[in-house]
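> structure of the sequence below:
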Amino acid sequence: MTGTRHPTAQRYPLLGGEVTVGGLPLSLVAARAGSTPFYAYDRALLSARVRELRDTLPASISLHYAIKANPMPALVGHMARLVDGLDVASGAELRVALDAGMDPREISFAGPGKAEGELAQAVAAGALVNVESMREVGLLAALSERLGRPARVALRVNPDFELKSSGMKMGGGPRQFGVDAEQAPQALNAIGAAGLAFEGFHVFSGSQNLRSEAICEAQTKALDLAHRLSEHAPGPIKVLNLGGGFGVPYFPGEQPLDIAPIGRHLNGIAAQAHEWLGDTELVIELGRFMVAEAGIYVCRVLDRKISRGHVFLVTDGGLHHHLAASGNFGQVLRKNYPVEIGTRVDAGRPAELASVVGPLCTPLDLLADRMELAADCGDLVVVYQSGAYGLTASPLGFLSHPAPVEMLV
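Sure, this is the predicted structure:
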């Protein structure tokens, strides 16, 4: 490969022309994995990102890791020792969080379609349920009586605003998430009448945002909304989850999010929250931002072929393992993730315009399109920014190829 390495690639130092993960050369990591393809997550990079957040955000802000970004048990266990809480989106993720040793009182459960059995798990464990519909209020009331303990709940509010410039909008307008802000007073009355243990609000307006000013604006509006709704609350506001929205740069031209202005802004938010809501815990819930840059996806070149003058590097991995990198997970116009030939970085061989494709019988199976690369059969392709929404966001059963290995290094 020629030219300057992508900023995320630079987080993985080189040793003898090879990318390193956790201080180990990629070929050795591949041998430890036992086979390709595989995902590798770097413990040191995970810890460094949490330290960066701790150093920048006010000490009064609680940091939660959203397991949906990457639910690998070993990774969650590592994160559980670094953060203040875990957020889950299914009963299976709840079990992972509990197995990781997180205090159940620091686990919250969100999602628009929770099954009754999942709600029972949460009540039995003592986790906080982010209520998203009137149906859930009724189910939780019945479960509280049956299990002999009141369900701990927060109301997830679909706000009357959205996170501007967000890669994925989860608030404002009609949404399947939460209770519309204008219907929230009715829901709060129902929670009180049902005798549930009300604790606060969850306001998540969007994700994957690279503009600090947009995130600050959404946080201000979330606090204003919580203040307005607090007069209808059946109890004190013990917790206000402001969501996250912190994005990471995937594509050319994108700049990393500057979190320093967010930290300064949250100081003001914390002071205002104390004045308006009293002794309220403010939570920032992050998934992608905590883990995306700490993970790579690695596959091996099986074939190098030329079709009408264009070079194709055919690998043993593809969209069935990493749907997002193929461009089929939310991209309107496909763009390349940062990709390197991890076993021959700056090896001196002239790069050529090549596409990295997988073994599947579909033209959608594309990991890199027309990038300057130099590779032979046997070389290892590295896809960066792969620590979030990789394996579990992909159609693993498609065409029945084997699943990749996951490892924490």
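> next one, pLDDT for residue 131 please.
If you check residue 131, the pLDDT there is 97.
> bridge partners for it, pull those for me.
Residue 131 has these beta-bridge partners by DSSP bridges: residue 155.
> assign the nearest residue to residue 116 once chain neighbours are set aside to helix, strand or coil.
Using Cβ to Cβ, 6 or more residues apart in numbering and skipping the chain neighbours, the partner closest in space to residue 116 is residue 139 (5.5 Å). Glycine gets a C-beta too; all of them are placed from N, C-alpha and C. Using DSSP: H, G, I helix; E, B strand; the rest coil, the secondary structure recorded for residue 139 is helix.
> what number of residues are in the vicinity of residue 139?
Residues lying near residue 139 (other Cβ atoms under 10 Å) number 20.
> and it, how close does it get to residue 319?
Counting by Cβ to Cβ, to the nearest Å, the separation of residue 139 from residue 319 is 37 Å.
> residue 313 now?
From residue 313 across to residue 319, the span is 15 Å (Cβ to Cβ).
> which of the three states applies to residue 20?
Applying three-state DSSP: residue 20 is strand.
> quick one, what contacts it?
12, 13, 14, 26 (Cβ atoms under 8 Å, 6 or more residues apart in numbering).
> go on, residue 325?
Counted by Cβ under 8 Å, 6+ apart, residue 325 has contacts 297, 319, 337, 367, 383, 386, 390.
> can you name every helix or strand that the strand or helix carrying residue 146 contacts?
Assigned by DSSP states H and E, residue 146 belongs to helix 134-147. The contact analysis (3 or more Cβ pairs under 8 Å, 6 or more residues apart in numbering; DSSP states H and E) places helix 134-147 against helix 116-125, strand 128-131, helix 184-193.
> what's in contact with it?
Around helix 134-147, the neighbours that count as contacts under Cβ under 8 Å, 6+ apart are 114, 116, 119-120, 123-124, 129, 131, 150-151, 153, 179, 186-187, 190-191, 194-196.
> now with 6 Å?
With contacts defined as Cβ atoms under 6 Å, 6 or more residues apart in numbering, helix 134-147 is touched by 116, 119, 120, 123, 124, 150, 151, 190, 191, 194, 196.
> tell me the pLDDT of the fourth one.
Which is residue 123. Looking at residue 123, its pLDDT is 98.
> which SS state does residue 299 fall under?
Per three-state DSSP, residue 299 ends up strand.
> now do the same contact list for the closest residue to it other than its chain neighbours.
Nearest non-adjacent residue to residue 299, counting by Cβ to Cβ, 6+ apart: residue 317, 2.9 Å away. Contacts here follow Cβ under 6 Å, 6+ apart; on that basis residue 317 touches 37, 299, 358.
> would you say residue 317 is within a helix?
No: using three-state DSSP, the assignment for residue 317 is coil, not a helix.
> could you check the distance from it over to residue 326?
For residue 317, the distance to residue 326 equals 10 Å [Cβ to Cβ].
> likewise for residue 349?
Distance from residue 349 to residue 326, by Cβ to Cβ: 26 Å.
> tell me which of these two has more neighbours.
Applying other Cβ under 10 Å to residue 349 and residue 326 shows that residue 326 carries more neighbours, namely 26 against 13.
> next SSE after the helix or strand of the chain with the lowest mean pLDDT?
Scoring the helices and strands of the chain by mean pLDDT, DSSP states H and E places strand 168-169 at the bottom, with a mean of 52. Remark: after strand 168-169, the chain's next helix or strand is strand 179-180, criterion DSSP H and E.
> between which two of the contacts of residue 325 is the distance greatest?
Maximum pairwise distance among the contacts of residue 325 (Cβ to Cβ): 13.0 Å, between 319 and 386.
> with residue 405 as the reference, measure out to the residue nearest to residue 116.
Residue 139 is 39 Å from residue 405, by Cβ to Cβ.
> please apply the same query to residue 12.
Taking Cβ to Cβ, one finds residue 12 at 18 Å from residue 405.
> cheers, nothing more for now.
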